[in-house]
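Novice: Would you be able to build a 3D model of this:
(chains A and B)
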Amino acid sequence: DWDEGPYFQSERGALYDAAAAKLIADGQAYYCDCTRDSLLLRTGDPNRGYDGYCRDRDLGVAPGRALRFRTPDAGATTVVDLIRGRPEFENELLEDFVVVRGDGRAIFLLANVVDDIEMRISLVIRGEEHLPNTPKAQLLWQALGGGDPPTWAHVPVLVNEKRQKLSKRRDKVALEQYRDEGYLAPAMRNYLMTLGWAPPGDVEIVPWTVIEETFRLEDVNSAPAYFDLKKLAAFNGEYIRALAVDEFVDASRPWIAGGAAPWPPERFDPVAFAAMAPLVQERVTTLAEVPRYVDFLFLDDAPIETASWDKAMKGDAAAILDEAAAAYETADWTAESLKEALDAVGQRHGLKLAKAQAPVRVAVTGRTVGPPLFESLALLGRERTLARLRAARERL
RNA sequence: GCCCCCAUCGUCUAGUGGCCUAGGACACCACCCUUUCAAGGUGGCGGCACGGGUUCGAAUCCCGUUGGGGGUGCCA
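Specialist: Alright, predicted model coming up:
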């Protein structure tokens, strides 16, 4: 949550101009018209930073001339970091870096420092990739008369399976995307907190209030952490199962009630889904998996999957389908008696219920895997169940 | 190249000199339960990168090596 802003650096140019003017007036910055090529010509080393050529040329402002900050030639800059201690940087190794572009716009680093001073920022929390820029920021801070520099906390980066920093281009980093895939915000939040830190005790899945009360930046690890989708999924499954049934139904709505569902919206039956919900809830890892557990209820025909069909429709399948259909014409339409009836069919063929239910399951739901069968049949109703059993029998 | 950061099971972590024959979670394996699949239960596999110190004692402190990551823009 936040309590002010947002601010736009594009609207605060006057502040940055004033800061640049101060640096010039104090002799801490100078204009420079060097290009990359002219620098390389002088140093002959593409790895070397700016050589300070324009330091004393006393160039004035002109289009195309950048403003460079004059870094100290000696001494060291110490950064106070809650997570990393007190890293020290030799000033001598810092090149005179650009703070204002040739077109007059401030570079992010300058804008950032000016904003932080003006907003009286005392603690900066950011990714560790910013650590090497920190001495530059502090030097600018001092040069601008900002007072005591802030305390820093450089948190570890998150890495992918190749242990590279997660990047927008290469990796899936947008939270919206995870939300769209059916991850719950509290699950994501809880999982993220376990990266580089751990709640007290031997539990990782904890209420947010516990995290609020016990989290300390000083306890954060400094090593990069791998973002493990499998573990996130495990957290998400636990959070889904912890939901009250009506909360689960609510949360599932975007995947089942709208146009995104794999069946015509008008065919969706909220009552049937509510009845099925507890059975689905303990089986899914993400909300996006919900539709495939209930689609057989809202589609005209069973959504037969070939692999499932081939696996289940062999051996005594034909006989089982016939006998199940016969028994189901007159059976009480309750999960319990549907189960007993099919169990009896299976026993005639020397099959355990686990085996006997397979052809029926595939005929009716289309897949070998799904919610408990007899509860599903009970909801689907006698008419549609019988129709699907016969359709499957014909297809054999 | 140069600078900086980092290093406990495959992964995320607990551990802040003796409580560690290193604990938990995810993953994996086995078994139990069971109408499929899950969920749940029980058990198992598996780690202090390496080498030197310091100390009565080191996963914990120091140095080095190796390995990994980040930075090095008139990007943010």
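
Novice: can you pull the contacts of the nearest residue to A:Asn91 once chain neighbours are set aside?
Specialist: Once flanking residues are discounted, A:Asn91 sits nearest to A:Pro72: 4.1 Å by Cβ to Cβ, 6 or more residues apart in numbering. Glycine gets a C-beta too; all of them are placed from N, C-alpha and C. By Cβ atoms under 8 Å, 6 or more residues apart in numbering, the residues touching A:Pro72 are A:91-92, A:94, A:139.

Novice: Could you do A:Tyr293 as well?
Specialist: A:Tyr293 is in contact with A:276, A:279-280, A:283-284, A:370-371, counting by Cβ under 8 Å, 6+ apart.

Novice: Whichever of those residues end up buried, select them in ChimeraX.
Specialist: Buried subset of the contacts of A:Tyr293, written as a ChimeraX selection, criterion 16 or more other Cβ atoms under 10 Å:
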select /A:276,279,280,283,284,370,371
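
Novice: With respect to A:Ala391, which of the contacts of A:Tyr293 is nearest?
Specialist: Among the contacts of A:Tyr293, A:Gly370 lies closest to A:Ala391 (Cβ to Cβ), at 17.6 Å.

Novice: picking that back up, please report how far the residue nearest to A:Asn91 lies from A:Tyr30.
Specialist: 14 Å (Cβ to Cβ, to the nearest Å).

Novice: wait, A:Asp115 sits on A:Phe8?
Specialist: No: with contacts counted by Cβ atoms under 8 Å, A:Asp115 stays clear of A:Phe8, the gap being 10.6 Å.

Novice: So which of the two has more stuff around it?
Specialist: Higher neighbour count among A:Asp115 and A:Phe8: A:Asp115, with 15 against 7, using other Cβ atoms under 10 Å.

Novice: from the contacts of A:Pro72, which is closest to RNA strand B?
Specialist: A:Leu94 (8.6 Å; Cβ to the nearest atom of the strand).

Novice: So the closest one is in contact with A:Ala137, correct?
Specialist: No: under the criterion of Cβ under 8 Å, A:Leu94 is not in contact with A:Ala137, lying 11.2 Å apart.

Novice: what's around A:Gln177, how many residues?
Specialist: By other Cβ under 10 Å, the residues close to A:Gln177 number 10.

Novice: Would you mind measuring from it to RNA strand B?
Specialist: 20 Å (Cβ to the nearest atom of the strand, to the nearest Å).

Novice: Out of the contacts of A:Pro72, give me the two with the largest separation.
Specialist: Pairwise distances among the contacts of A:Pro72 were taken by Cβ to Cβ; the largest, 12.5 Å, belongs to A:Glu92 and A:Leu139.

Novice: neighbour-wise, which of the two wins?
Specialist: Taking other Cβ under 10 Å, A:Glu92 and A:Leu139 do not tie; A:Leu139 has more neighbours (22 against 11).
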